[in-house]
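> Provided below are the primary sequence and the corresponding predicted coordinates.
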Amino acid sequence: MDMKLKIPYEVSISCSNCKLINKCMPLGLSTFELSRIDSLVSQRIKIKRGNDLQRFSNSHQALYIIRTGYFKTVISTNDGRDQVLGFHMSGDSIGLAGEISNLYSCKVTALEDSTVCIVPFAKVEEVANSVNGLHSHIRHLYSLEINRENSVMLFLGSMNSEERVATFLLKLSASHEERGFSPLVLNLKMSRYDIASYLGLKHETVSRTLAKFIRSKLIYLKLRELKIINLVALNSLATDKQR
C-alpha cells in the first residue's frame, strides 16, 4: 500500500542525519535500526505561516513530528468559542492524542514557515519489530502530548494572572533549553492574543502583566524578543502558591 500523501512542498532529509533524532526516536539505535527508521517517514512537508496542518491530511492516520518551525493548536467548541490548547516547536509530536478532535473542531496552525515529518501509524507497525524500543517510545510521545494538552488546565485553576504568565514563560524557557537554545532569550512566535487565550486571560491582562514584569526588571521585551533578566524571581512568582 502506498502511504505517500499527496502534499506539496516535499523536503528530502533522512532521519539518521537529523539533529532531532534523539528526541523523536529511541536512543542508541544501531546502523541497521537507523536504516529502518529512515523508512518510517513517508513524507516531509513545508507548511507556510498561517496554513493549517489539517488542510493536508487526516491526523488520525499518522503521527506528525515538527522538524522546524512553530505551531499552535486551537479548538472550537460547539458554542463557537475558540481556545488555544497549546504551542508546539521542533521535536514535538502532533496527532497521537486525536481523541480531542472527536469532541471539538481542532486545527493546528503554523505560526511561521515550518517543516513537518509524517509518520503513518501503519509504517510504525511495519518497522517496530526490527527497531528496539520503538513501540515504547511512541507511547512516551503519546504521554508527552497528553501532558501538553492537559497542562492548560493548570492555568484555568487557582493561579492569578501574574502566576499564569510567569509559569508560561518558564515553560517556554525550559522548552528552549531542552532544544539547546538559550533559556533566557525567547522569540515569541505567538501573538499576545494567542497567549491570552492559552492562559484563559484577557489580552489586556496579559499586556499589563508583561508591562509589570518589565517595570520589576524580571524581563526585557521588545516586539517579539523577550529576555528573562531575573529567572530566580520569575520562578519564585510562579511557584509561590505551591509552597
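Here it is on my side, so go on.

> tell me which element the residue minimising distance to the centre of the chain is part of?
When Cα atoms, centre = their mean is applied to the chain, the residue found nearest the centroid is H88 (1.6 Å). Element membership for H88, per DSSP states H and E: strand 82-89.

> that strand pairs with which strands?
According to DSSP bridges, strand 82-89 forms sheet pairs with strand 70-76 (antiparallel).

> same question for the strand holding H88, mean pLDDT?
Taken as a whole, strand 82-89 has an average pLDDT of 88.

> try stretch 184-196
So the average pLDDT for stretch 184-196 ends up being 95.

> ok, stretch 34-42 next?
If you average the pLDDT values across stretch 34-42, you get 77.

> what's the straight distance from one end of that stretch to the other?
Using Cα to Cα, to the nearest Å, one end of stretch 34-42 lies 15 Å from the other.

> buried stuff in that stretch?
L34, R36, I37, L40, V41, S42 (16 or more other Cβ atoms under 10 Å). In this view, the C-beta of every residue, glycine as well, is placed from N, C-alpha and C.

> hang on, the earlier thing: could you list the buried residues of the strand holding H88?
Within strand 82-89, the residues that count as buried by 16+ other Cβ under 10 Å are V84, L85, G86, F87, H88, M89.

> now do stretch 157-171
Across stretch 157-171, burial judged by 16+ other Cβ under 10 Å covers M159, S161, E162, E163, R164, V165, A166, T167, F168, L169, L170.

> from what I see, the fifth one and Y198 are in contact.
No. Under the criterion of Cβ atoms under 8 Å, R164 makes no contact with Y198, lying 9.2 Å away.

> pop the domain breakdown of this protein in here.
15-134, 154-242 (automatic domain parsing).

> so which of those domains comes closest to H140?
Evaluated over the domains of the chain, closeness to H140 peaks at domain 15-134, with 9.0 Å, by Cβ to Cβ.

> need the helix or strand of this protein with the lowest average pLDDT.
The least trusted helix or strand in the chain, going by mean pLDDT, DSSP states H and E, turns out to be helix 100-103, with a mean of 47.

> in what helix or strand does Y193 lie?
Using DSSP H and E, Y193 sits in helix 192-199.

> which strands or helices does the next helix or strand after that helix pack on?
Next helix or strand after helix 192-199 toward the C-terminus (DSSP H and E): helix 203-215. For helix 203-215, the packing partners by 3 or more Cβ pairs under 8 Å, 6 or more residues apart in numbering; DSSP states H and E come out as helix 161-178, helix 192-199, strand 219-222.

> give me that answer again for 10 Å
On a contact count with 3 or more Cβ pairs under 10 Å, 6 or more residues apart in numbering; DSSP states H and E, helix 203-215 meets helix 161-178, helix 192-199, strand 219-222, strand 225-228, helix 231-239.

> would you turn those into CSV with distance to E125?
As requested, those are exported to CSV (distance: least, Cβ to Cβ, whole Å):
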stretch, distance to E125
helix 161-178, 29
helix 192-199, 34
strand 219-222, 46
strand 225-228, 42
helix 231-239, 41
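
> quick one: contacts for the nearest residue to K202 once chain neighbours are set aside?
Excluding its sequence neighbours, the residue lying closest to K202 (Cβ to Cβ, 6 or more residues apart in numbering) is A196, at 6.0 Å. Going by Cβ atoms under 10 Å, 6 or more residues apart in numbering, A196 touches V84, S161, R164, V165, M190, K202, H203, E204, T205, V206, S207, T209.

> that'll do, ta.
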